[in-house]
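Asker: Provided below for reference: sequence and predicted model.
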Amino acid sequence: MSRWRGFEELVEVINSGSFSAAAKVLGVSKGHVSQQISRLEDRLDTRLLHRTTRKISLTETGAIYYQQCRQVVEDLEAAERAIGALQHEVKGRLRIAAPHLLGEVMLVPAIANFMKRNPELTIDLHLSGRRVDLIEEHFDLAIQVGARKDINVVNRALAPTKFYVVASPDYLMDHVAPVRPADLKQHNCLLFMDAGFSKPWKFRGTGSTVKISVNSNWHSNSGYALRSAATQGLGLAYLPDYYLKDDLASGKLVTVLHGWQSIDREIVAIYQHKAHLSAKLRLFTEFLEEYFAREIQPLQAV
């Protein structure tokens, strides 16, 4: 028998003054309340209540037990109120994982904006190219480009994104601009690499998709470093639209491979599938969807 069974019924009988009143508060039958308390007395091998047709009172042993159980019930109620508050208020700690490229440019300013509205929130942001384990590493949320296929996770699309190959005007004065993806083999390409791993550059043309493994003498796990190196004329960079808006507008960078497009992808918020999301997670993902839709606009190739 569970050690918890019967103690809540005992507390409510004393608080309410009768078995009938306790049953009404607990939403059960009077017989159920009486049965649970009788089983509790049998387990403890002591009488807890004096029962008469006119009155119910605690025995000496029952009074001691009641005081302890009442405190447990009050503590449980306080815990439930605290959980209820967290379900409706944006407070507590939110652990987020994201890749460097996306986190540096888009996520940090989005979080800052959200925290100004919700000052009781604490953020723990982890930037890495590694795919994190939400459960084992205790992350509430992962933001990445492309959905996951894990069981029991939700993939919530936030915004579409495209990658562009860019170069500085100075670089293109000394090198013939690539026309096809295969031409990239003749160029120095500035390569994003994290933990010794990099991905091929992907493109879609008329009726075909191409993957290119490029040659590079510049590797970095920082999008800022790759963009800066490209503006300094060190080579071609393959970067997402949210990195390039300002440099394309100012003319520091221009796009190449105009007849080819990168594979369209989605920025996705990933979290565990749950029946009830916390307010902080639910409201933050809703905010990100609005924020990314506003900030990530289609680029005009230059």
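Answerer: That came through fine.

Asker: How many residues are close by Tyr238?
Answerer: 24 (other C-beta atoms under 10 Å). In short, each C-beta sits where N, CA and C put it, glycine included.

Asker: Look up how far Arg130 lies from it.
Answerer: Distance, Tyr238 to Arg130, using C-beta to C-beta, to the nearest Å: 20 Å.

Asker: so who does the closest residue to Asp247 other than its chain neighbours touch?
Answerer: Of all residues not flanking Asp247 in the chain, Leu253 sits nearest, at 4.2 Å (C-beta to C-beta, 6 or more residues apart in numbering). When contacts are counted by C-beta atoms under 8 Å, 6 or more residues apart in numbering, Leu253 is found next to 166-168, 227, 230-231, 237, 244, 247, 302.

Asker: Repeat the analysis, applying 6 Å as the threshold.
Answerer: 166, 230, 247 (C-beta atoms under 6 Å, 6 or more residues apart in numbering).

Asker: quick one, helices of the stretch 1-150 of the chain?
Answerer: Using DSSP state H, counting those that start in this stretch, the helices of the stretch 1-150 of the chain run over residues 7-16, 19-26, 30-44, 60-88, 100-102, 108-117.

Asker: Columns distance to Arg156, mean neighbour count and mean pLDDT on top of these, output as CSV?
Answerer: Output for the helices of the stretch 1-150 of the chain, formatted as CSV (distance: least, C-beta to C-beta, whole Å; neighbours: other C-beta atoms under 10 Å; pLDDT from 0 to 100):
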stretch, distance to Arg156, mean neighbour count, mean pLDDT
helix 7-16, 39, 20, 85
helix 19-26, 39, 17, 88
helix 30-44, 43, 16, 88
helix 60-88, 19, 13, 75
helix 100-102, 15, 21, 79
helix 108-117, 14, 14, 91
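
Asker: Out of those helices, which is closest to Gly259?
Answerer: Closest to Gly259 of these, according to C-beta to C-beta: helix 100-102, at 24.9 Å.

Asker: Show me the contact partners of the closest one.
Answerer: Outside helix 100-102, the residues that touch it by C-beta under 6 Å, 6+ apart are 127, 221-223.

Asker: re the thing from before, okay, the residue nearest to Asp247: pLDDT?
Answerer: Leu253 is assigned 94 on the pLDDT scale.

Asker: One more: Ala147?
Answerer: 82.

Asker: cool, Asn221 as well?
Answerer: pLDDT, Asn221: 81.

Asker: hang on, it packs against Asp194?
Answerer: Yes - the criterion here is C-beta atoms under 6 Å, and Asn221 meets it with Asp194 at 4.2 Å.

Asker: which residues touch the residue positioned nearest the centre of the chain?
Answerer: Centre of the chain computed as the mean C-alpha position; nearest residue by C-alpha atoms, centre = their mean is Leu141, 1.5 Å away. Contacts for Leu141 (C-beta under 6 Å, 6+ apart) come out as 96, 271.

Asker: sorry, back to before: which of the contacts of Leu253 sits closest to Cys69?
Answerer: The closest of the contacts of Leu253, once distances to Cys69 are taken by C-beta to C-beta, is Asp247, at 67.4 Å.
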